[in-house]
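**Q** from the sequence below, what's the structure:
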Amino acid sequence: MHATKILAATTIAAVSFAVAPPKAQAQVTVNIGPAPACPYGYYDYAPYNCTPYGYYGPEWFTGGVFIGAGPWFHGPDHFYGHVDNHFHPEHGYRGPYPARGEAARPENHVDHMENFHGNEVRDGRGHTGGGHH
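**A** Next up, the predicted model:
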């Protein structure tokens with residue numbers, strides 16, 4: 001009888017440890033590196049290729065500097081800005097793209113684009129829609 005009590009207590013203890021194992025604390029850090037150096041901004045999805053002039057509307061630039069997109073977005077909360085998705089590869093664009101590190105052309109003003117025709121609003125984090133700004 002004494003051996004049965006010891007066996008039962010040992011079994012209960014073993015089951016208790018198996019059911020509720022101690023939780024291990026893990027921390028995952030992902031370093032995506034610096035934002036791409038593109039003269040007219042970069043798409044908001046990997047591989048974050050440079051966008052051609054005319055994809056982003058003027059509200060995406062402050063003092064001629066792109067406010068970012070994807071993981072590097074640093075615009076205001078609840079931001080939605082216009083894009084012209086005719087310049088998006090998923091919508092059939094096959095034209096030229098600027099290279100990373102390329103300088104913007106002086107005639108391509110980003111803070112004021114007279115002929116910009118935005119047809120979609122995006123939030124800089126890969127979402128479309130909204131656009132109440």
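**Q** mind listing the strands in the chain by residue range?
**A** Here the chain has its strands, by DSSP state E, at 61-62, 65-66, 81-83, 120-122.
**Q** remind me what the last one packs against, helices and strands.
**A** Read that as strand 120-122. Applying 3 or more Cβ pairs under 8 Å, 6 or more residues apart in numbering; DSSP states H and E, one finds that strand 120-122 contacts strand 81-83. (C-beta placed from N, C-alpha, C; glycine too.)
**Q** list the helices and strands the strand it packs on packs on?
**A** Checking 3+ Cβ pairs under 8 Å, 6+ apart, strand 81-83 ends up next to strand 120-122.
**Q** residues in contact with the strand it packs on: which ones?
**A** With Cβ atoms under 8 Å, 6 or more residues apart in numbering as the test, strand 120-122 has contacts from 44, 69, 80-85, 128-131.
**Q** quick one, what contacts the residue lying closest to residue 38 once chain neighbours are set aside?
**A** Closest residue in space to residue 38, ignoring its immediate chain neighbours: residue 50 at 3.5 Å, by Cβ to Cβ, 6 or more residues apart in numbering. Listed by Cβ under 8 Å, 6+ apart, the contact set of residue 50 reads 36, 38-42, 97-100, 102.
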